[in-house]
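> Any chance you could fold what I've pasted below:
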Amino acid sequence: IATGAKPRVLDFEGGNLALSSTEFLNLKKLPKSLLCIGGGYIAFEFAHIAARAGADVTILHRGEFPLENFDRDILQHLVDATRKLGIKLVLKTDVSKIEKKEGHYVVTGKSDGKESAYKTASVFNS
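All right, here's what the predicted structure looks like:
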């Protein structure tokens with residue numbers, strides 16, 4: 001239990017639009033789609049819960065591997081199960097911007113100098 005812990009502030013344009021893990025746990029209704037910023041265990045937990053409940057889920061992670069401090073063999077099984085469940089796992093991508101547009105969010109990620117946009121109903125800083 002991390003009492004007194006606060007979510008990390010996202011230091012890019014629109015970073016304040018991302019919801020926290022506490023807000024995920026307090027959702028009254030699951031959004032049709034969601035995007036988790038970060039590839040840690042909280043992102044994976046929430047992504048699996050949401051995907052199994054029918055949401056379209058994307059995880060954006062800046063590193064080459066999610067859960068970087070975990071055993072690579074075990075991690076590969078989790079990554080395979082995650083993708084098999086339909087969760088989009090996007091690695092080596094830095095989020096640079098979140099915008100609210102016409103009732104949804106557009107998250108911009110940069111990878112190898114190229115920008116990609118991800119449309120979603122909600123964004124979580126995990």
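
> what sits opposite the residue most central in space within the chain in the beta ladder?
With distances taken as C-alpha atoms, centre = their mean, Cys36 lies nearest the centre of the chain, 1.2 Å away. Note on Cys36: beta-bridge partners Ile59, Phe124, judged by DSSP bridges.

> now swap in Val107 and tell me
Beta-bridge partners, per DSSP bridges, of Val107: Ile98, Tyr118.

> What segments of this protein are helices?
Using DSSP state H, the helices assigned to the chain run over residues 21-25, 41-52, 72-84.

> For the first one, enumerate the helices and strands it packs against.
By that I understand helix 21-25. Packing contacts for helix 21-25, counted by 3 or more C-beta pairs under 8 Å, 6 or more residues apart in numbering; DSSP states H and E, involve helix 41-52, strand 122-125. Using the backbone N, CA and C atoms, a C-beta is placed for each residue, glycine as well.

> ok, and for it, which residues are buried?
Of all the residues in helix 21-25, those buried under the rule 16 or more other C-beta atoms under 10 Å are 21, 24.

> Mind checking the pLDDT average for it?
Taken as a whole, helix 21-25 has an average pLDDT of 94.
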